[in-house]
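**Student:** Build me a structure from this.
(2 chains)
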Number of protein chains: 2
Amino acid sequence: MGSDGGGRPRLERSRRAGRNAREEILDAAAELFTNNGYASTSTRRIADAVGIRQASLYHHFATKDDILDALLAGTIDEPLQLAAELLAESSPAPARLHTLVVGDVSHLCAGTWNLGVLYLLPELRVDRFAEFRSRREELRDRYRRLADAAIAECGGPPAAGDLPFRLVESVINIRSDDHWCPPDQAWTVAEGALRTLGYQGDFEVLRDRSAERLGLCRGRQSTR
Amino acid sequence: MGSDGGGRPRLERSRRAGRNAREEILDAAAELFTNNGYASTSTRRIADAVGIRQASLYHHFATKDDILDALLAGTIDEPLQLAAELLAESSPAPARLHTLVVGDVSHLCAGTWNLGVLYLLPELRVDRFAEFRSRREELRDRYRRLADAAIAECGGPPAAGDLPFRLVESVINIRSDDHWCPPDQAWTVAEGALRTLGYQGDFEVLRDRSAERLGLCRGRQSTR
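**Tutor:** Below is the predicted model of the structure:
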């Protein structure tokens, strides 16, 4: 623990979560960005929170925007990959969308910091974040493709194709308002998302399938 | 137009939307808070954007937080009132919830600036905004009471009671991502919200009733 990997000795022992200096910087920045605001947080303050010199921080991230970009990427890389895998499969669309929603909500609820609140920052509108915006738009599009397929299979309302993605991201607001996510939130949202598309099949079967696929404990039955 | 109502002559003619100086200050602040960020916007910059002296701005709002509080109140006063009226009525809960969702989404989409993005500001966690947080929580509770009644009437999933409120606020994210709301968004969200609660009745009837109650043009039929 005497080095942060940047070639500089630590000012003090680590006090952050993370396996190495890069992860500790990301953890400290996530806490400060979500609790104090992005504009109000300096790289100096992040370095102080990790217990390293500012010069050591710059060894890992050249700018504060680079830290934000890495944090944002961490919120969508995993669901993007899951969505790509599910789109390549051939099982019924409602089942695949259910799995995507459960996986993504679980991911959004699992992080120590509620990073999704950063999606609405005006700072993200600049070119520096064009790649992140495009990847999040790609995730939204993958949701929509699965949702549109589910609507077609269920004879549901064609206009509803964007609602599952929106319901998933609403867990960011729940975490912000309540400071936690109920343990069954992923299952509640997945069932709600399918219902918006007109799905009226057996949710028990979907829950079993998603739990097995994702290696999760199955959510409680929420239907009567 | 020669006075801002604060007893000081204007530096120049108004260039903002608003019937008086107070409304012009709110409009300028809303633009700057949503486009540049709350922390990055000074009262000096707001006064400059209105074309008044900073001292005149302080005649209307003692602090920047007071401006933010007035803007936030404007996003929920109307739906809170509508929800109170609907809760006092005795028609079926799904119909009343449909009307609340259509009215609230229309209200969130109608404002010039997407003020809902400010709900996630860490600055709102301090005591100064306790009243706003409590009023927004009251709105959420009114949604939940109508939703729970609708779930009971439909035999729907008990865990879904918070989803309509969440779907409504998701139009904030749609506006942020797409820079507009589709004209049918209120009707799409209202139908989606009812479906999450297990409602499978006639959406035509609900649309007619909500359109009449709210004095709106009825949304296009989105079901097949």
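**Student:** Please make it C-alpha for all contacts and neighbour counts, starting now.
**Tutor:** OK.
**Student:** Helix or strand: which one has residue A:96?
**Tutor:** Element membership of residue A:96, judged by DSSP states H and E, is helix A:93-110.
**Student:** Could I have the CA atoms of that helix written out in CSV?
**Tutor:** Taking Å, rounded to 0.1, in the frame of the first residue of the first chain, the C-alpha atoms of helix A:93-110 are listed here in CSV:
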residue,chain,number,x,y,z
ALA,A,93,-38.5,-11.2,-26.8
PRO,A,94,-40.4,-10.7,-23.5
ALA,A,95,-38.2,-13.2,-21.7
ARG,A,96,-35.0,-11.6,-23.1
LEU,A,97,-36.2,-8.1,-22.2
HIS,A,98,-37.1,-9.3,-18.7
THR,A,99,-33.5,-10.5,-18.2
LEU,A,100,-32.0,-7.3,-19.5
VAL,A,101,-34.1,-5.2,-17.1
VAL,A,102,-33.3,-7.4,-14.1
GLY,A,103,-29.6,-7.3,-14.9
ASP,A,104,-29.5,-3.6,-15.6
VAL,A,105,-31.5,-2.5,-12.5
SER,A,106,-29.5,-4.8,-10.3
HIS,A,107,-26.3,-3.2,-11.7
LEU,A,108,-27.6,0.4,-11.2
CYS,A,109,-28.7,-0.5,-7.6
ALA,A,110,-25.5,-2.3,-6.7
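**Student:** residues in contact with the helix or strand following it?
**Tutor:** Toward the C-terminus, helix A:93-110 is succeeded by helix A:130-154 as the next helix or strand (DSSP H and E). Contacts with helix A:130-154, where a contact means C-alpha atoms under 8 Å, 6 or more residues apart in numbering or on different chains, come from A:69, A:72-73, A:76, A:79-80, A:83-84, A:87, A:92-94, A:96-97, A:124, A:156-158, A:161-162, A:164-165, A:197-200.
**Student:** mind checking pLDDT for residue A:16?
**Tutor:** In this model, residue A:16 is scored at 80, pLDDT.
**Student:** unless I'm mixing things up, it is touching residue A:30, no?
**Tutor:** No - look at residue A:16 against residue A:30 with C-alpha atoms under 8 Å: they stay out of range, at 11.3 Å.
**Student:** More neighbours: these two, which one.
**Tutor:** Per other C-alpha atoms under 10 Å in any protein chain shown, whichever of residue A:16 and residue A:30 has more neighbours is residue A:30, with 24 against 17.
**Student:** Find the nearest non-adjacent residue to the more buried one, please.
**Tutor:** Nearest residue to residue A:30, sequence neighbours excluded (C-alpha to C-alpha, 6 or more residues apart in numbering or on different chains): residue A:113, at 6.2 Å.
**Student:** Phi and psi next, for the one you found.
**Tutor:** With angles defined as degrees, to the nearest 10, residue A:113 sits at phi -110, psi 150.
**Student:** residues in contact with residue A:118?
**Tutor:** Neighbours of residue A:118 in contact, by C-alpha under 8 Å, 6+ apart: A:33-34, A:72.
**Student:** who wins for most neighbours among the residues you listed?
**Tutor:** Sorting the contacts of residue A:118 by how many neighbours each has (other C-alpha under 10 Å) puts residue A:33 first, at 23 neighbours.
**Student:** Quick check: pLDDT value at it.
**Tutor:** pLDDT, residue A:33: 98.
**Student:** do the one 4 residues further on as well
**Tutor:** At residue A:37, the pLDDT value in this model is 97.
**Student:** now residue A:224
**Tutor:** 38.
**Student:** ok so, going back, next, the angle from the helix holding residue A:96 to helix A:130-154.
**Tutor:** 140 degrees (axes from the mean of the first three to the mean of the last three C-alpha atoms, to 10 degrees).
**Student:** Pull out the buried positions in helix A:93-110.
**Tutor:** Residues of helix A:93-110 classed as buried by neighbour count (16 or more other C-alpha atoms under 10 Å in any protein chain shown): A:93-109.
**Student:** ok, now stretch A:126-139?
**Tutor:** Buried-residue list, stretch A:126-139, by 16+ other C-alpha under 10 Å: A:129, A:132-133, A:135-136, A:139.
**Student:** same deal with stretch A:117-125?
**Tutor:** Under the neighbour-count criterion of 16+ other C-alpha under 10 Å, stretch A:117-125 has A:117-124 buried.
**Student:** likewise stretch A:73-88?
**Tutor:** Result for stretch A:73-88 [16+ other C-alpha under 10 Å]: buried residues A:75-76, A:79-80, A:82-83, A:86-87.
**Student:** With pLDDT and secondary structure as extra columns, can I get those residues in JSON lines?
**Tutor:** Formatted as JSON lines, the buried residues of stretch A:73-88 follow (pLDDT from 0 to 100; DSSP: H, G, I helix; E, B strand; the rest coil):
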{"residue": "A:75", "pLDDT": "97", "secondary structure": "helix"}
{"residue": "A:76", "pLDDT": "97", "secondary structure": "helix"}
{"residue": "A:79", "pLDDT": "98", "secondary structure": "helix"}
{"residue": "A:80", "pLDDT": "98", "secondary structure": "helix"}
{"residue": "A:82", "pLDDT": "98", "secondary structure": "helix"}
{"residue": "A:83", "pLDDT": "98", "secondary structure": "helix"}
{"residue": "A:86", "pLDDT": "98", "secondary structure": "helix"}
{"residue": "A:87", "pLDDT": "98", "secondary structure": "helix"}
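**Student:** In TSV: these, plus distance to residue B:64.
**Tutor:** Listed next are the buried residues of stretch A:73-88 as TSV, based on distance: C-alpha to C-alpha, whole Å:
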residue	distance to residue B:64
A:75	32
A:76	34
A:79	39
A:80	40
A:82	44
A:83	43
A:86	48
A:87	48
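**Student:** can you tell me which residues contact residue A:27?
**Tutor:** A:16-18.
**Student:** Equivalent analysis for residue A:209, please.
**Tutor:** A:95, A:99.
**Student:** And it, which helix or strand is it part of?
**Tutor:** Short version, using DSSP H and E: residue A:209 is in helix A:203-214.
**Student:** which residues touch residue A:107?
**Tutor:** Contacts of residue A:107 (C-alpha under 8 Å, 6+ apart): A:75, A:79.
**Student:** could you redo the last one with a cut-off of 10 Å?
**Tutor:** A:74-76, A:78-79, A:101, A:186 (C-alpha atoms under 10 Å, 6 or more residues apart in numbering or on different chains).
**Student:** can I get the residues you listed in TSV with distance to chain B?
**Tutor:** Below are the contacts of residue A:107 laid out as TSV (distance: C-alpha to the nearest C-alpha, whole Å):
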residue	distance to chain B
A:74	19
A:75	16
A:76	16
A:78	21
A:79	18
A:101	14
A:186	11
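**Student:** right, and out of those, which lies closest to residue B:23?
**Tutor:** residue A:75 (38.5 Å; C-alpha to C-alpha).
**Student:** residue contacts, the closest one?
**Tutor:** Counting by C-alpha under 10 Å, 6+ apart, residue A:75 has contacts A:104, A:107-108, A:111, A:114-116, A:136.
**Student:** For those residues, work out which two are farthest apart.
**Tutor:** Pairwise over those, using C-alpha to C-alpha, the maximum falls at A:111 and A:136, 17.7 Å.
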